[in-house]
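*Asks:* I'd like to go over a predicted model; first the sequence, then the structure.
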Amino acid sequence: SVCQLHLPHCQIHSEGGCDFLSVAHVTDDKVEFLPPHETTDTHVIINITGSSAYGDVTDDDAAISPIHGLVLLFYQSFFSEERSILNVLLLPRNVVIREVQEERKRRNGDKETFIETNPQCSLTPKKAYILSTDITDGYRINPTSAAFMDFQSYENYFPTFQLFLLTVVKELDLVLKENGSTENEWNGLVWLPAPVQVQPHGPVAPVPADAAQAQPHGPAVPIQLQAVPAPHQPAPQPAGPAQVQPHGPAAPTAVVRPSVHEDELELR
């Protein structure tokens, strides 16, 4: 039977955030807050005696402190165009990256590519952050500043920042800072995938009449060629007067007989 639950969290021990963690025990008619049996760097541990809904929570009067965060990148290119978008998501560390990818794919299909990078960082909830890059021109970052983060809706996995690229870029440096600070909270070298070239499915160009050939409407039938042995050649005959060989029995010669006697002919 289950006797303990280990619930993941994203608080940083050294910042004191773990001191304000508790576990919410949800039943049909009430919510009970349980003190943790133990708190590690990654999980809150509680002892349980049955199956119910549990989740870790933070006290409302807890001081705001940094937590373990992730910077996730999703790249979207546009076919046959130079422009593209790099979506930057700031999330707590205890999210499941696979679930983030699945939700993004459910909304955007195969338009996006997840870019593997080192995502680890420390972020402070409700603090404003800015994103910058080493590109000198041909780009725009929206918004210029954004707060981390809305705990009520972060599971929608919307981008915190969007980097709009107007030209083809192969690599760039990204830097995340707290607004007004000179220290980097996160930075990384990003290699962007090459855009995929897709041929348009437009109308087919007409074929000149003199070059048009009838195409079969069914699968092509393979043609097998067989060698035919040459007929037996008779031995050559000695030279002599040419003779015409009949091709079969001689046909009887037709004799034309006049229908009247010559003495019965009259001049008219």
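*Replies:* Everything's here; your move.
*Asks:* wasn't residue 131 part of a helix?
*Replies:* No: going by DSSP: H, G, I helix; E, B strand; the rest coil, the assignment for residue 131 is strand, not a helix.
*Asks:* quick check: beta-bridge partners of it?
*Replies:* For residue 131, the beta-bridge partners under DSSP bridges are residue 176.
*Asks:* residues in contact with it?
*Replies:* The contact partners of residue 131, by CB atoms under 8 Å, 6 or more residues apart in numbering, come to 88, 141, 161, 163, 174, 175, 176. C-beta here means a position set from N, CA and C on the backbone, and glycine is covered the same way.
*Asks:* cool, residue 177 as well?
*Replies:* Per CB under 8 Å, 6+ apart, neighbours of residue 177: 129, 130, 132, 183, 184, 185.
*Asks:* do residue 43 as well
*Replies:* Per CB under 8 Å, 6+ apart, neighbours of residue 43: 6, 7, 8, 9.
*Asks:* try 6 Å this time
*Replies:* By CB atoms under 6 Å, 6 or more residues apart in numbering, the contact set of residue 43 is 6, 8.
*Asks:* reformat the contacts of residue 131 as CSV; add neighbour count and secondary structure.
*Replies:* What follows is these, written out as CSV (neighbours: other CB atoms under 10 Å; DSSP: H, G, I helix; E, B strand; the rest coil):
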residue, neighbour count, secondary structure
88, 20, strand
141, 19, strand
161, 22, strand
163, 24, strand
174, 22, strand
175, 14, strand
176, 22, strand
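*Asks:* return the member of these nearest to residue 189.
*Replies:* Of all those, residue 174 has the smallest distance to residue 189: 8.2 Å, by CB to CB.
*Asks:* tell me the pLDDT at the closest one?
*Replies:* Here the pLDDT value assigned to residue 174 is 98.
*Asks:* gap between the residue nearest to residue 25 when sequence neighbours are not counted and residue 11?
*Replies:* Spatially, and ignoring its direct neighbours in sequence, residue 25 is nearest to residue 32 (4.2 Å; CB to CB, 6 or more residues apart in numbering). If you measure residue 32 against residue 11 using CB to CB, to the nearest Å, the figure is 21 Å.
*Asks:* look at these two and report which has more neighbours.
*Replies:* Legend: neighbour count by other CB atoms under 10 Å for residue 32 and residue 11, higher for residue 11 (25 against 12).
*Asks:* and the more buried one, what are its bridge partners?
*Replies:* Legend: beta-bridge partners of residue 11 under DSSP bridges are residue 67.
*Asks:* assess the claim that it and residue 18 are in contact.
*Replies:* Yes: at 4.8 Å, residue 11 and residue 18 qualify as touching, with contact defined as CB atoms under 6 Å.
*Asks:* and which of the contacts of residue 131 is nearest residue 72?
*Replies:* The closest of the contacts of residue 131, once distances to residue 72 are taken by CB to CB, is residue 88, at 7.6 Å.
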